[in-house]
Structure formats: C-alpha cells, structure tokens
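Asker: What follows is a predicted protein model with its sequence.
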Amino acid sequence: MPESQKRLWLIGGTSESVQLAEAIASVGFPCLVTVTTVDAKSLYPQTPSLQVQVGRLDGKQIKQLWQQQHITAIVDASHPYAVEISRNAIATAQCFQIPYLRFERPTVKGDGGDQGGFSHIRVTTNDNRETHPYTSLRAGLEKTLSSTACANSLNPPLQTNNEPSVITLDSFETLVAGEYLNQQRVLLTVGCKVLSLFQDGQGRSTLFARILPAVTSLEAAIAAGFSRDRIIALRPPIPFELEIALWRHWDISLVVTKASGVAGGEVTKRQVAAQLGIPLIVIDRPVVEYPQQTSDIAVALEFCQRYLTTL
C-alpha cells in the first residue's frame, strides 16, 4: 500500500486522547480520530493530517472503516469504561491482523501502602480477586458512618480524626444488588449511562446525580427518576473547593465514583472524602484483555511511527 494512503485510527473520547492527537498532529502522522459527540470533536487539533469523525461504531462499521480509510494501526484511547468499542476494535484488529495498542490513563493506587487516612475494602464476585464477606463490609461501613460526625451535618468540619472507608466493587450490578446505598444520601458521580440502574433504589435512598452538561445526560437522569433539584450538570475537572461545597450543600453521606484515574477526578474525590469523613465507593474498571497497553505517549508515538512507515 502506498505510504500516502496509510492512516492511523485513534479511538478518542478522553483528555488523554486529545493529548495524544496533539502529539500525533505535531509530527504529521496521517490519523483518523473517532469520537461520539460533536462537543468532543471541537477539542482536537484542526490540521490537514488529522481527520475527526463523529458517531458511534459497531463491529460492522469498524470493518467498513478499516476498508475505506486504509487503517494500518489502531491506538485505542477511549474511556476505560467504554468497553464495547474496545472489544470490537480488538476483534477487528485480530480478524485483519492490524496492530493494536491500548493507551489508557493509569489507575489511582488504592490497594496497600499509604491509604491517606482511608481503610480500604475490596468486594468482587470474581473468584480470581480478593473477596470480603458482605456482612463484614456492611458492619465496617455502618461503623464508619455512625462514627463520622459530618455524615448528618450540613456544615461538617474540614478536619476530621475519623478514618473513612474506600470500598472497591467490581461492578455497578454488585452495588445495586447489595444494601450499600440504603438510607444514605448518595452522590453518584458515575455518568448518565448507568443511572437507570438506580431507578428502583430511589425510594430507599436519597440519590443525587452529577452529570455532564448535555441534553442527553439530563434526559437520562430524569428518566431514571432523578428530580431536578437532585441533578447538577458540570464538566470535569471539578476543583477541590467546589467538591467540598457541593457535598456539604447536599449533606452527602456516601459517594459513588468510577475508577477513572486522575483525569476523571478520582484523586480529588478521595481527598474530599478524607477531609469530610465520608465513605467512598469506587467501581472498578471493566476487565478487558488488551493485546498490548501503555500510558506513555512516547511509546504510543513510537508505535504509530513503526506501523506508518513499514509495509
């Protein structure tokens, strides 16, 4: 295939993918970036070598993309929870023998070592991971909540001697199937796509949702039973001071987040939870078997160069 027809496919949708696109554009590699929203498209560089396409892709459309765009290598920098596009891209890469590299933000280290004032519990239904008995988890969570002065106060002190828990769950299904949220004032910082899972729990808990400022996100939250006074639309990153003010204003006693890394605001949430003495439930990233993976832009660029300059 002529060099001029070769093109890299960058699966976008994250702040890291924007940084990677800028690096790719700076060296002039021909690249197709795919994103799912028009708003996301505006974040990427506008250069002749970089083409940005908007729209969701299924397996069939990905195969058509490979044929039409002469894709010679794939760099997957999609969101850690956007598993469908990753799995479809991997399947296509394996089918047509296209080199594939996963570029993913690092996780926040939360197992072992310095917990920053937190006690950490991991619960999973996966037999290959550590599992704590559910009754022990509830006892630990209830102890934390009962001993936390700010759990039921509108103006909790910023400094606390309590040791709130970080509870890692393997899935949203594990979360909603248990009793973790019962009788709590819960802030969900998990995006709009999973809010429907919490609809049946609206009567057992006081649930608040933080979503992106988009019409589709607002519609999803309302459809899931969230009233307008329990929804806030903000685009991350959320500053530390604003997180504290929001949690205090809504008298939050429990927060649920994804393991979204630094870029997703996970570190800030952990810090605010420690300051306010509020337990934090972290939903683990879905398990995907990536052929190869990196979080180093230099490694990703070397990968791009290798497969754009070699037949």
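Answerer: Looks like it arrived, so ask away.
Asker: any idea how far residue 83 is from the spatially most central residue of the chain?
Answerer: Centroid check for the chain by C-alpha atoms, centre = their mean gives residue 260 as the closest residue, at 3.8 Å. Residue 260 sits 14 Å away from residue 83, going by C-beta to C-beta, to the nearest Å. For the C-beta atoms, the positions are set from N, CA and C on the backbone; glycine is no exception.
Asker: same thing with residue 303?
Answerer: As for residue 303, its distance to residue 83 is 21 Å (criterion: C-beta to C-beta).
Asker: quick one, strands of the stretch 1-150 of the chain?
Answerer: 7-11, 31-35, 50-54, 71-76, 100-103, 119-123 (DSSP state E, counting those that start in this stretch).
Asker: Okay, angle between the third one and strand 7-11 too, please.
Answerer: What it means is strand 50-54. 40 degrees (axes from the mean of the first three to the mean of the last three C-alpha atoms, to 10 degrees).
Asker: ok, and for strand 50-54, which residues are buried?
Answerer: Neighbour counts over strand 50-54 (16 or more other C-beta atoms under 10 Å) mark 50, 52 as buried.
Asker: residues making contact with that strand?
Answerer: With contact meaning C-beta atoms under 8 Å, 6 or more residues apart in numbering, strand 50-54 is reached by 12, 21, 24-25, 31-38, 40-41, 44.
Asker: do the same with the first one
Answerer: Where contact means C-beta under 8 Å, 6+ apart, the residues beyond strand 7-11 that reach it are 17, 20-21, 24, 29-34, 65-66, 69-78, 85-86, 89, 304, 307-308.
Asker: again, only this time at 6 Å
Answerer: 29-34, 69-71, 73-76, 78, 304 (C-beta atoms under 6 Å, 6 or more residues apart in numbering).
Asker: mind saving the C-alpha coords of stretch 42-53 as CSV?
Answerer: The C-alpha coordinates for stretch 42-53 follow below in CSV (Å, rounded to 0.1, in the frame of the first residue of the first chain):
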residue,chain,number,x,y,z
SER,A,42,-14.0,20.6,19.0
LEU,A,43,-11.3,19.5,21.5
TYR,A,44,-9.0,18.0,18.8
PRO,A,45,-6.4,19.9,16.7
GLN,A,46,-7.5,21.1,13.3
THR,A,47,-4.7,20.1,10.9
PRO,A,48,-4.7,18.6,7.4
SER,A,49,-3.2,15.3,8.7
LEU,A,50,-5.9,14.8,11.4
GLN,A,51,-9.4,13.9,10.4
VAL,A,52,-12.1,13.8,13.2
GLN,A,53,-15.2,11.7,12.7
